[in-house]
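**Q** I'll drop the sequence and a predicted model, then ask my questions.
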Amino acid sequence: MSRPDAILHIGFNKCGSTALQQWLGDQASALADQGIWYRRMDPRDDVVCTNPQLQVLACTLAGEDVPARPMNAVLGITDPASQDRVAEDFRRDFEARVAKGGFDTWVGSSEALVGRNMTPAATQALADWLSSLFGRVRYVAYIRRPEPWLVSLYGHHKRRSGQDESLAEFAKRVGQAPFARLLGMWQQAVGPEALDVRLFREDWLRGSGLVEDFASVLGLPSGVVETRAKRLNTSFRDGLRGLMPLTRAPKRPSLSAETRSAIANRNAETMAWIEGHCFADRRAEFRTWAAE
């Protein structure tokens, strides 16, 4: 009997990951009817983010400690023994479900897989484990242009910290967007042909374009599964009610020509790397997107 396939979304922050995960969770039954298995794997009921155990397992397989983070307390990780226990419980449960079968494709999504502490060894170990379970494994990542990505990240930072730091100062402190470095790490582990890098478009923030695009990745015919998705994790007030309390959401700052130019210059090298390594056969598409 042939093995099922797998599609793993490695979710960069501020690139629609929360909306995708919300949609996958909401449509899990409809997806199952299409032969696609998705299961929310997070011990918390009040958040959307899923599959934090994937990073735990990746680090454990590579013989590394999971980086200290708030999620460790949620998972009950306090020392190497508890890390091993969480990883083994997850692996045993997951492998049993795969062995049971009854689906054509597993789809997963996790922001932890592009965390700043994710190492090449852990990435390779996770990729090898998935390859041992599934037939074809594809990895999907959405990237955003550095300027709007930094503006959105700045809003997230302001909302959480309340610090009075200007956008220009924040952009200088952050420096380069992490896309090229992390895509390079994943490309090294899984090969260029298995990593599908897709361009996040700003107009998707006000519609279902992101979900529709990801539905096409899953091979879903148009209209078979509902693609309307909630807009979540918004960084700024933008006139849409019900997104978050206005007292917590900062106003969207204007991006001066000087700051925009500085951001572009800092990211020129990494953008050139992405174009050459991920869009060598689609340079016109990439350059049009980058210049929007």
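**A** Now that the structure is in, tell me what you want to look at.
**Q** From now on I want contacts and neighbour counts done on CA atoms only, so please keep to that.
**A** Noted.
**Q** What's the first helix or strand after the helix or strand bottoming out on mean pLDDT in the chain?
**A** None of the helices or strands of the chain scores lower by mean pLDDT, DSSP states H and E than helix 70-75, at a mean of 84. Using DSSP states H and E, the next helix or strand after helix 70-75 towards the C-terminus is helix 80-100.
**Q** those helices in the protein, which residues are they?
**A** 17-26, 28-33, 53-61, 70-75, 80-100, 120-133, 146-161, 167-174, 179-190, 209-217, 257-278, 283-290 (DSSP state H).
**Q** Point out where this protein drops to low pLDDT.
**A** Scanning the chain for pLDDT under 70 picks out 1, 43-50, 229-252.
**Q** Please verify my assumption that Arg283 contacts Trp273.
**A** No: in this structure Arg283 lies outside contact range of Trp273 using Cα atoms under 8 Å: 11.7 Å.
**Q** Pick out whichever of these two has more residues nearby.
**A** Trp273 (18 against 13; other Cα atoms under 10 Å).
**Q** From Glu285, how far off is the residue nearest to that one when sequence neighbours are not counted?
**A** In space, Trp273 comes closest to Ala180 once its chain neighbours are excluded; the distance is 6.6 Å by Cα to Cα, 6 or more residues apart in numbering. Per Cα to Cα, to the nearest Å, Ala180 is found 18 Å from Glu285.
**Q** more neighbours, those two?
**A** Ala180 (21 against 12).
**Q** how near is that one to Glu64?
**A** In terms of Cα to Cα, Ala180 sits 23 Å off from Glu64.
**Q** likewise Gly76?
**A** Distance from Gly76 to Glu64, by Cα to Cα: 17 Å.
**Q** which of the two has more neighbours?
**A** Shown here are Gly76 and Glu64; by other Cα under 10 Å, Glu64 has more neighbours (16 against 12).
**Q** Now do the closest residue to the more buried one other than its chain neighbours against Thr270, distance only.
**A** If the residues on either side of it in the chain are set aside, Glu64 comes closest to Ala122, at 7.7 Å by Cα to Cα, 6+ apart. Distance of Ala122 to Thr270, computed by Cα to Cα: 23 Å.
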